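Novice: fold the following, please.
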Amino acid sequence: MNFKKRSLIFVTFFMSCLAIALLGAALGTEHWLEATCRRMGDFSDKSNGTVNFGLFRGSRHLNSGLGDRHYTMNMLQILFRDRNFMIYNLYIATIALLCSGILFGVLSALLAIINTAYNPSEAICHIPGLYLTNGLGGLSALAAFITWMVQFYLRLTHNALIREDREKGKWNSEGMAIYGYSFWLTVLATVAFIINILIILFTTRNPREMKKVTKKQEMMRLSGKQAGDTMLY
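Specialist: So this is what the prediction gives:
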């Protein structure tokens, strides 16, 4: 591999680091969902509130007309107390997929360094390994994106409030939830992995070799045709 190709492979290292950072930020930030809410009943016209949470923590700002009240949210405790708040399997799947995306991002970054410095003979450490790790990283990030979308439409778009707020406080958030920026970070990470695959494809593409293969196939086709004509005679 010449210097230009090695330089392009090294670019995938930075893209892998970007994907890792994006997935790590998505995992740790508190804005997978953002919602506004209203209190039903007395003082409903003066009430307003917002809710935002990530996969582990979040916060609620509720104003019943007497001033803003701030509450923190521990998602694991909430899910332990109220299993109907979210679909638990989808919640765990989202976390697991983000972690696997980070793992494959680390592997793709390491392989990018190896292929920049050396020319490994093992396929898993060479170009096929780069395709595999970036492909699996992209699929993991995309799958996390999909699992949260399903979670959002099945549960969170109808309710983003804990049981105490719904039953005691008479708060309601149905139809007022949107995706937060933490969710969109998984989309950007998926794009980063796809860019890596395109870079690797461009780097390993050899027009001369492709022409040789095409000429060889053409010669085989012609020789086969000639053999067929001979058989006819």
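Novice: okay but residue 63 is in contact with residue 50, surely?
Specialist: No: counting by C-beta atoms under 8 Å, residue 63 stays clear of residue 50, with 9.3 Å between them. The way it works is simple: take the backbone N, C-alpha and C, and place the C-beta from them, glycine included.
Novice: list the contacts of residue 162.
Specialist: When contacts are counted by C-beta atoms under 8 Å, 6 or more residues apart in numbering, residue 162 touches 60, 73, 78, 82, 85.
Novice: ugh, wrong one, residue 132
Specialist: residue 124.
Novice: likewise for the one 4 residues further on?
Specialist: Residue 136 is in contact with 100, 104, counting by C-beta under 8 Å, 6+ apart.
Novice: distance of it from residue 111?
Specialist: Noted for residue 136: a distance of 12 Å to residue 111, by C-beta to C-beta, to the nearest Å.
Novice: what do you get for residue 31?
Specialist: Taking C-beta to C-beta, one finds residue 31 at 32 Å from residue 111.
Novice: quick one, longest helix in this structure?
Specialist: Assignment by DSSP state H gives helix 88-117 as the longest helix of the chain.
Novice: give the buried residues for that one.
Specialist: By neighbour count on 16 or more other C-beta atoms under 10 Å, the buried set for helix 88-117 is 90-91, 93-94, 97-98, 100-109, 111-112, 114-116.
Novice: again with stretch 179-192
Specialist: Buried, per 16+ other C-beta under 10 Å, within stretch 179-192: 179-180, 182-183, 185-192.
Novice: do the same with stretch 48-64
Specialist: Applying a neighbour-count criterion of 16+ other C-beta under 10 Å, the buried positions in stretch 48-64 are 48-55, 58, 60, 62, 64.
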